[in-house]
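Q: everything below, folded, please.
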Amino acid sequence: MKREEIKYIIEAVLFAYGDPMSIKDLKNVVNEDLSIKEIEFMVSSLMEEYKSQNRGIQIIKLEDKYQMCTNSDYADFIKKAVEPSRKKSLSQATIETLTIIAYRQPVTKAEIEDIRGVKCDKVIKTLLDGNLIREAGRLNRIGKPIIYRTTDEFLKVMNIESLKDLPDIESIEKAENTEKGE
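A: As a prediction, the model looks like this:
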C-alpha cells in the first residue's frame, strides 16, 4: 500500500471512530509495517493540510491521542445547522469542584469536600453526567473510596492539549490579589 493511501486510511479511521485515538491504536488498525513515528508523521501531515487550507474539519491532539473534529472558526454556522439545546452554564460550586479535581487529581469525594467545606454529591453527579470527570478507580483503603479524574472532554472544553497547559495556581492567585488591590 502507498503511504498516501495509508494516510487517507488514517483520516477515514479518525473520522469514523469519533473519539480520541492513540497512535498505537492507529498503527494496529492500519496493520502495516510502519513505525509509530511514521504513523505520527502522517497524522501531523494531515493536521497541517487541514490547517493550511483552513478546512472545515481538523485533527486535534489531546494528551497522547488524536481526534477529528470541526474547525472552531465555523462554530457559528454549525450551531445554526444543528440548533443545539442550550446547555446550562456551570454553577460556582461546580466550577470550584472541577477546579479542585483538575489540579489535585486523582482525588476522592472526601478530599474535595474537605477542601470546599461542603458536601458535593450533586456537583460530582453533574460533572460525571457532563463527561467532564470520570471515576478512575478506587483507593485501597477503608471504604475503598472512588477517585476522580478529568476527561478528554474536559480538555476539549478548556481548549487545551494537556493538563500541563492549565494555568499555574500561583499566577491565578496573583491575578486575583491584583484585582482585589492587595
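Q: buried by neighbour count: which residues of the longest helix belonging to the chain qualify?
A: Looking across the chain with DSSP state H, the single longest helix is helix 36-52. By neighbour count on 16 or more other C-beta atoms under 10 Å, the buried set for helix 36-52 is 38-39, 42-43, 46-47, 50. Where you see a C-beta, it was placed from the backbone N, CA and C, and this is true even at glycine.
Q: nearest to residue 116, of those residues?
A: Residue 116 lies nearest to residue 47 out of the buried residues of helix 36-52, by C-beta to C-beta, at 39.3 Å.
Q: could you give the number of residues near the closest residue to residue 111 other than its chain neighbours?
A: Leaving aside its chain neighbours, residue 111 sits nearest to residue 104 (6.9 Å; criterion: C-beta to C-beta, 6 or more residues apart in numbering). Using other C-beta atoms under 10 Å, residue 104 has 13 neighbouring residues.
Q: contacting residues around residue 104?
A: 111-112, 115 (C-beta atoms under 8 Å, 6 or more residues apart in numbering).
Q: those strands in the protein, which residues are they?
A: Ranges of strands in the chain, per DSSP state E, are 21-22, 57-62, 65-70, 107-108, 133-138, 146-150.
Q: would a markdown table of those strands with mean pLDDT and mean neighbour count be doable?
A: Formatted as a markdown table, the strands of the chain follow (pLDDT from 0 to 100; neighbours: other C-beta atoms under 10 Å):
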| stretch | mean pLDDT | mean neighbour count |
| --- | --- | --- |
| strand 21-22 | 94 | 16 |
| strand 57-62 | 93 | 17 |
| strand 65-70 | 94 | 18 |
| strand 107-108 | 96 | 20 |
| strand 133-138 | 95 | 15 |
| strand 146-150 | 97 | 19 |
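Q: mind putting those strands into TSV with distance to residue 11?
A: Formatted as TSV, the strands of the chain follow (distance: least, C-beta to C-beta, whole Å):
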stretch	distance to residue 11
strand 21-22	12
strand 57-62	8
strand 65-70	8
strand 107-108	38
strand 133-138	28
strand 146-150	28
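Q: CA atoms only: put stretch 160-173 into PDB for me.
A: In PDB, the C-alpha atoms belonging to stretch 160-173 read as follows (Å, rounded to 0.1, in the frame of the first residue of the first chain):
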ATOM      1  CA  ILE A 160      -6.100  22.700  26.000                       C
ATOM      2  CA  GLU A 161      -4.000  19.800  24.800                       C
ATOM      3  CA  SER A 162      -2.800  18.600  28.200                       C
ATOM      4  CA  LEU A 163      -3.300  19.200  31.900                       C
ATOM      5  CA  LYS A 164       0.200  20.700  31.800                       C
ATOM      6  CA  ASP A 165      -1.400  23.600  29.900                       C
ATOM      7  CA  LEU A 166      -3.600  24.600  32.900                       C
ATOM      8  CA  PRO A 167      -2.600  27.900  34.400                       C
ATOM      9  CA  ASP A 168      -0.200  27.800  37.300                       C
ATOM     10  CA  ILE A 169      -2.100  28.200  40.700                       C
ATOM     11  CA  GLU A 170       0.400  30.900  41.800                       C
ATOM     12  CA  SER A 171      -0.300  33.000  38.800                       C
ATOM     13  CA  ILE A 172      -4.100  32.700  39.300                       C
ATOM     14  CA  GLU A 173      -3.700  33.800  43.000                       C
END
